[in-house]
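1. predicted model follows, preceded by the sequence.
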Amino acid sequence: MPILSLAPAIDVLTTGSYPRLPTCIKNRIIPRPPLTPEERAMTFILIEGVIRYRLAREHLPSAIMKVKSIGNGRVILTVPYEFEVTLTLVGDDLSLPWRVLDLKILVGHALSGSPVLVTEQQRLYLLQLVQSRLCSVDGNLNDMFNTLHHFCLSLQLDCLHAEVERLSVAVCGVYMKVEDYVPGHLIRLVYWRHTGPAYLLNNTSCKYH
């Protein structure tokens, strides 16, 4: 005959509960009580302190990428007319990677004024790509910046090409044309301004994979 566990049986029958549940099982099944507003405010203050410390350790391209704000346990980094990314941390361990909460692409057509150049599916893919690079062994904010910056430069070249093609068809096709275009890498514009020389815009450093 199996030995019956009398103590748990008595607890269940008399109190309707089982206080002897192992902590490891209890933590997995029973959700923890929510934080009070005071505890949430203190947690945000601690996280923001860790964020400031981590930012001070990173060698950010401060001439280009700016800290827009730090609050509510997160930091917003932005590059004007390129992108804006929201990050947070889940602890004070220096080995923990940054977590990407949101990503906005700020590149838009100058003629149409439309900022919608990247679909939601593309934006989510780019967010996941940045997060995977941050979680890699050598992942840091500089790597995140290079990835997003090169993508936005490629997008800006695409915008410039589309706008020049539109102008050449609608207004000044006699005076301007695209002589060479490699998507995301190079655009060569030829225009005549009296006897002025041709103008070359070449951005071979913008390579996005």
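-> Alright, I've got the coordinates.

2. just checking, Thr86 touches Trp98?
-> No - counting by Cβ atoms under 8 Å, Thr86 stays clear of Trp98, with 10.3 Å between them. Any C-beta I mention is one placed from the backbone N, CA and C, and that applies to glycine too.

3. what about these two, which has more around it?
-> Remark: of Thr86 and Trp98, Trp98 carries more neighbours, 23 against 18, as counted by other Cβ atoms under 10 Å.

4. what residues does that one make contact with?
-> Contact analysis of Trp98 by Cβ atoms under 8 Å, 6 or more residues apart in numbering lists Arg54, Leu87, Thr88, Leu89, Leu134, Gly139, Leu141, Met144.

5. show me the residues you listed that map onto strands.
-> Secondary structure from DSSP state E places Leu87, Thr88 of the contacts of Trp98 in strands.

6. can you tell me which of the contacts of Trp98 has the most neighbours?
-> Met144 leads the contacts of Trp98 on contacts (other Cβ under 10 Å) with 25 neighbours.

7. now that residue. Nearest residue, chain neighbours left out?
-> Residue nearest to Met144 in three dimensions, not counting chain neighbours: Val130, with 5.3 Å by Cβ to Cβ, 6 or more residues apart in numbering.

8. would you mark the buried spots in the helix or strand where the one you found lies?
-> Following DSSP states H and E, one finds Val130 within helix 120-134. Of all the residues in helix 120-134, those buried under the rule 16 or more other Cβ atoms under 10 Å are Leu126, Leu129, Val130, Gln131, Arg133, Leu134.

9. now stretch 127-135 - C-alpha only, PDB.
-> Written as PDB, here are the backbone C-alpha positions of stretch 127-135 (Å, rounded to 0.1, in the frame of the first residue of the first chain):
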ATOM      1  CA  LEU A 127      13.400  46.200 -34.700                       C
ATOM      2  CA  GLN A 128      14.000  42.500 -34.300                       C
ATOM      3  CA  LEU A 129      17.300  42.800 -36.300                       C
ATOM      4  CA  VAL A 130      18.500  45.600 -34.000                       C
ATOM      5  CA  GLN A 131      17.500  43.600 -30.900                       C
ATOM      6  CA  SER A 132      19.300  40.500 -32.100                       C
ATOM      7  CA  ARG A 133      22.500  42.500 -32.700                       C
ATOM      8  CA  LEU A 134      22.200  44.100 -29.200                       C
ATOM      9  CA  CYS A 135      21.800  40.600 -27.700                       C
END
